[in-house]
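Q: mind folding the following:
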Amino acid sequence: MAQKAVVIYSGGMDSFTLLNKVHCSGTKVYALSFNYGQKHKKELDYAARVCQTLGINHKVVDISSINSLLAGSALTSEMDMPEGHYEDDNMKQTVVPNRNMILLSLAVGYAVSLGAEQVYYGAHGGDHAIYPDCRPLFVEKMNDVCAIANYEAVSIDVPYLHNDKTEILRDGLAMGLDYSQTWTCYNGREKACGKCGACQERLEAFRENGQQDPLTYE
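A: Residues are numbered from 1 along each chain as shown. All right, here's what the predicted structure looks like:
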């Protein structure tokens with residue numbers, strides 16, 4: 001019987017690459033996506049289409065009601081979306097308080113119910129400057145907690161923790177992945193804005209790999 005794993009799948013580039021990587025390893029993947037009230041929730045439509053194509057079990061969980069507790073992020077409030085590179089200080093406005101701890105806790109509970117021993121998520125080195133819950137120390141401590149939080153230990157696996165988006169894209173291109181099946185822009189409009197930190201980092205990754213981004217930009 002194939003090993004089971006839960007993959008937190010947003011529909012973006014990093015989790016798309018990770019999803020395919022785990023799926024291609026022969027692991028039975030259970031994809032888990034969250035509607036947390038993000039402006040760019042159209043990424044969930046991309047996630048659903050990919051999972052349907054790959055024949056992967058996919059759940060989308062609506063936790064948008066938590067926004068009454070977690071204020072102050074440009075991703076979920078009426079604030080203007082900051083523009084510029086991911087490492088610019090104003091990108092801290094895109095932090096959703098405690099988001100990854102919440103998502104990982106739910107994913108670990110799902111894994112225990114499935115009899116899966118692993119939860120994967122797509123944090124990477126390019127996130128470290130802005131997002132505390134994407135840093136190695138956070139992953140280490142979450143692994144410590146998840147080893148003792150239930151009768152069944154679950155590991156938090158983050159294969160791209162020390163890679164940047166350029167390296168992740170290079171890995172995906174080597175797998176022959178089609179990135180028109182992903183959505184990255186923090187603004188959930190018809191076309192990607194090209195100006196938010198997520199778009200800037202995505203475009204940079206394609207440039208550094210000598211490739212043209214298949215998405216259409218405003």
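Q: and the helices in the protein?
A: All helices of the chain, identified by DSSP state H, fall at 13-24, 43-54, 99-114, 136-146, 165-174, 197-208.
Q: list the buried residues of the shortest one.
A: So the one you mean is helix 165-174. Buried positions in helix 165-174, judged by neighbour count with 16 or more other C-beta atoms under 10 Å: 165-173. C-betas here are computed from N, CA, C, even on glycine.
Q: next: the second one.
A: Residues of helix 43-54 classed as buried by neighbour count (16+ other C-beta under 10 Å): 43-44, 46-48, 50-51.
Q: can you lay out the helices of the chain as a markdown table showing mean pLDDT?
A: Formatted as a markdown table, the helices of the chain follow (pLDDT from 0 to 100):
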| stretch | mean pLDDT |
| --- | --- |
| helix 13-24 | 97 |
| helix 43-54 | 96 |
| helix 99-114 | 94 |
| helix 136-146 | 94 |
| helix 165-174 | 97 |
| helix 197-208 | 93 |
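Q: re earlier: Asn57: which of the buried residues of helix 43-54 is nearest?
A: Within those, the smallest distance to Asn57 is 7.5 Å, found for Cys51 (C-beta to C-beta).
Q: isn't Ala43 up against Met13?
A: Let me fix one detail, which is that residue 43 is Glu and not Ala. No: assessed by C-beta atoms under 8 Å, Glu43 is found out of contact with Met13, at 10.2 Å.
Q: what sits in contact with each of these two?
A: Jointly contacting Glu43 and Met13 under the rule C-beta atoms under 8 Å, 6 or more residues apart in numbering are 182, 184.
Q: now render the buried residues of helix 43-54 as CSV, adding distance to Val139.
A: Output for the buried residues of helix 43-54, formatted as CSV (distance: C-beta to C-beta, whole Å):
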residue, distance to Val139
Glu43, 22
Leu44, 24
Tyr46, 25
Ala47, 22
Ala48, 27
Val50, 25
Cys51, 25
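Q: for Gln118, give its distance to Val112.
A: 11 Å (C-beta to C-beta, to the nearest Å).
Q: tell me, what's touching those two both at once?
A: The contact sets of Gln118 and Val112 overlap at Val154 (C-beta under 8 Å, 6+ apart).
Q: returning to what we had before: mind checking which of the helices of the chain is nearest Cys185?
A: helix 197-208 (5.1 Å).
Q: the residue nearest to Lys42 when sequence neighbours are not counted: neighbouring residues, count only.
A: With C-beta to C-beta, 6 or more residues apart in numbering as the criterion, Lys42 has its nearest non-adjacent residue at 4.8 Å, and that residue is Gly188. For Gly188, the count of nearby residues is 14 (other C-beta atoms under 10 Å).
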